[in-house]
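Asks: have a look; sequence and predicted model below, questions after that.
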Amino acid sequence: MKFLVVCRRELRSYFSSYIAYVLLAVFLLLTGGFFYSWLRYFILFGGFVLPSGLWQQVYLDMRYCAMIVLPLLTMRLFSEEKKLGTIELLWTYPVSDIEVLAGKFLAAWLFYLLMLLPTAVGPFIFYHFYPFALAPFLSGYLGMVLLGTAFIACGIFVSCLTENQVVSAMGTYAILIFFWYVTWNEAVAGIDVVHILLKLSLFDRFLNFARGVIDTQDIAFFVLFIFFFLFLSLQSLGARKWRGVSTGI
Amino acid sequence: MIRAEHLTKRFGTFTAISDVSFEVQAGEIVGFLGPNGAGKSTTMRILGGVFPPTSGSAQVAGFDVARQSLQARQVVGYFPERVALYLDMTVREYLDYVADMKGVAGKQKGHDIDRALDSCVIGHVAHRLIGTLSKGFRQRVGIAQALVGRPRVLILDEPTAGLDPEQVAEVRKLIRQLRGEGTVILSTHILSEVEATCDRVIIINRGQILAVDTPSNLNQRLRKKSRIQLEVRAPVEALQSCLQSLPGILAIEPGYATSDGVTSLTVSTDPDRDLRAEIATAIIDARWDLLELRAVTLSLEDIFLTLVHRPPTPIPSVQH
């Protein structure tokens, strides 16, 4: 259960610095703004189908917010400890690499859920005036949780690779943006390749959830993506066994 | 308690240590002595479980550090060369976290933390943020975290590096107090540190062990002659001939005269005899002013030079 100890320390660390509050504020401001503007649009232009008329637009914008904010949340997880040198002591405690990774991952994940929770306040108020079908709405949140978890897994992996937090965040953006834009233009990749890329695209997989469609294939893809990057992270942490530990500054 | 057998660690093509073997008995305090870059930290890290050796094996309290890493780490307290702590925690919160990481629970936890705070004399800063503490205090917090969990083996990598003389004395005192509680292995590049604290010394250079012995034995073994440094207000030739007449003097290194008629020279004497009193009497009888007389102790450099049987490298002369 030592991953809980690691997790608790990470959460403390988030809240004892400004970064948590700043990221939380930016995320809520952006998602709140998008929800408000799409709601006005929906009401003004008389949409009738809530899932495609409102929720899809809201969730598609919310994923950008997550993409901007989450790499900044995960960048410090291993990079900071490497830079400061605190990671060396961590490896001398009777804790396995997997528990350290699990603890840090859980901390970032819980923080993300905490960010996601207040975004439901707007829809909650909306529901008060206009009771809507909950299933498509919740499907979007399931998608957001899976997508965000995938971002975190990717971010934690890049954080394992470098002791520089800026490089860590930029590297994560690079991977995520690659997974986003690979499907934009079939002229670049060729139509057959795009079909394969579509299956690999996080953002296209997310589209179904945003529309209120839950497909087990999509869930399986996200779970696979998450475990793939966590596996790579674990390998990267194990590399100290032959590469040694940087003595830092 | 600690057994290292043919430890070799390579990073790519660089060999940090090669074929390092030694043993440390339970309750011993052993010093790992060597210059910077000798492979001390690499050995310490292998014993501390940071990474396994490339080949060879090491056991701590019977647990193999590579194959039973978690069990081995459970009995080890480790102090890293570069003390890096979480600056955003108070000392007590930090030690509490360390206790949790080491699996110390219940009453034992509070007890261990209090004891570590006491031993390292940091009880009065327990509620301060580590980030606001001075280097000396952080160093002590680093030692305190190693003590939490009552490890049977303590590994201290350069515990006095970067401290002022007063703090160095305190840390050494602390290490001596640990005698009898567990096995301690500490690394240093300062010879006097080993003499002050250790039962045995392992000398390492360029990744290889040169000698293992008690500090006093080593000193004797290496001391083929003693040297005495003198500064006397006397003519060079007269002083040299006066000293030559004394029994037990092996050689007089050529002295030099400083500005106001003072001669400075070094005499080598029989290691079994202390000739300081005789020399002083001879000089005073000749009615010269004795300005300085001191035994030259063996420096770490001398030890290495003696051990590797290499003549001292001449200092290149400066061209004007």
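Replies: Alright, I've got the coordinates. Since this is a predicted model, take the numbers as computed values, not measurements. Numbers count the residues shown, from 1 in each chain, chains lettered A, B, ... in the order given.

Asks: list the contacts of B:S21.
Replies: Listed by CB atoms under 8 Å, 6 or more residues apart in numbering or on different chains, the contact partners of B:S21 are B:A4, B:E5, B:H6, B:L7, B:G56, B:I209. For every residue, glycine as well, the C-beta is placed using N, CA and C.

Asks: do the same with A:C65
Replies: Neighbour list for A:C65: A:V26, A:F27, A:L30, A:T31, A:F34 [criterion: CB under 8 Å, 6+ apart].

Asks: again, but for B:Q25
Replies: Counted by CB under 8 Å, 6+ apart, B:Q25 has contacts B:M1, B:T183.

Asks: what about the residue nearest in space to the middle of chain A, distance to A:F111?
Replies: By CA atoms, centre = their mean, chain A has its centre lying nearest to A:G148, at 2.5 Å. Note on A:G148: its distance to A:F111, by CB to CB, to the nearest Å, is 10 Å.

Asks: can you check B:T90 too?
Replies: For B:T90, the distance to A:F111 equals 22 Å [CB to CB].

Asks: who has more neighbours, the two?
Replies: Between B:T90 and A:F111, A:F111 has the larger neighbour count (other CB atoms under 10 Å in any protein chain shown), namely 21 against 17.

Asks: if I read this right, the more buried one contacts A:L70, doesn't it?
Replies: No. Between A:F111 and A:L70 there is no contact under CB atoms under 8 Å: 9.6 Å.

Asks: from B:T183, how far out is B:V65?
Replies: Going from B:V65 to B:T183 by CB to CB gives 14 Å.

Asks: SS state for B:V30?
Replies: Following DSSP: H, G, I helix; E, B strand; the rest coil, we place B:V30 in the strand state.

Asks: about what we covered before: compare B:V65 and B:T183 (neighbour count), which wins?
Replies: For B:V65 versus B:T183, neighbours defined as other CB under 10 Å are more numerous around B:V65 (26 against 23).

Asks: contacting residues around that one?
Replies: With CB under 8 Å, 6+ apart, B:V65 has these contacts: B:I46, B:L47, B:G49, B:P52, B:P53, B:S57, B:A58, B:Q59, B:A72.

Asks: give me the element the residue nearest to A:V158 when sequence neighbours are not counted is part of.
Replies: Spatial nearest neighbour of A:V158, chain neighbours left out: A:G171 (4.0 Å); criterion: CB to CB, 6 or more residues apart in numbering or on different chains. Here A:G171 sits within helix A:165-181, counting by DSSP states H and E.

Asks: and B:V65, what are its phi and psi?
Replies: phi -70, psi -20 (degrees, to the nearest 10).

Asks: tell me the pLDDT at it?
Replies: B:V65 carries a pLDDT value of 92.

Asks: number of nearby residues for the residue of chain A at minimum distance from chain B?
Replies: Nearest residue of chain A to chain B (CB to the nearest CB) works out as A:G85 at 3.4 Å. A count of neighbours around A:G85, defined by other CB under 10 Å, yields 20.

Asks: what kind of secondary structure is B:V232 in?
Replies: strand.

Asks: from B:A295, how far out is it?
Replies: 16 Å.

Asks: compare neighbour counts for those two and give me the winner.
Replies: Neighbour count, other CB under 10 Å: between B:V232 and B:A295, B:V232 has more, with 26 against 12.

Asks: what bridges to the more buried one?
Replies: Using DSSP bridges, the beta-bridge partners of B:V232 come out as B:T263, B:L290.

Asks: contacting residues around it?
Replies: So B:V232 contacts B:L239, B:V262, B:T263, B:I283, B:W288, B:D289, B:L290, B:L291 (CB under 8 Å, 6+ apart).

Asks: what is the nearest of these to chain A?
Replies: Comparing those against chain A with CB to the nearest CB places B:L291 closest, at 45.2 Å.

Asks: who in chain A is up against chain B?
Replies: Counting by CB under 8 Å from any CB of the partner chain, chain A comes close to chain B at A:2, A:5-6, A:9, A:12-13, A:16-17, A:84-86, A:88-96, A:240-245, A:247-248.

Asks: tell me how far the closest residue to B:A84 other than its chain neighbours lies from B:V50.
Replies: In this structure, B:A84 finds its nearest non-sequential neighbour in A:G85, 3.4 Å apart by CB to CB, 6+ apart. According to CB to CB, A:G85 and B:V50 sit 12 Å apart.

Asks: next one: B:Q177
Replies: The gap separating B:Q177 from B:V50 is 26 Å, by CB to CB.

Asks: mind checking which of those two has more residues around it?
Replies: Taking other CB under 10 Å, B:Q177 and B:V50 do not tie; B:V50 has more neighbours (25 against 10).

Asks: what's the burial count for the closest residue to the more buried one other than its chain neighbours?
Replies: Distances taken as CB to CB, 6+ apart put A:W91 closest to B:V50, at 4.6 Å, once the chain neighbours are dropped. Neighbour count for A:W91, taken as other CB under 10 Å: 21.

Asks: no more questions from me, cheers.
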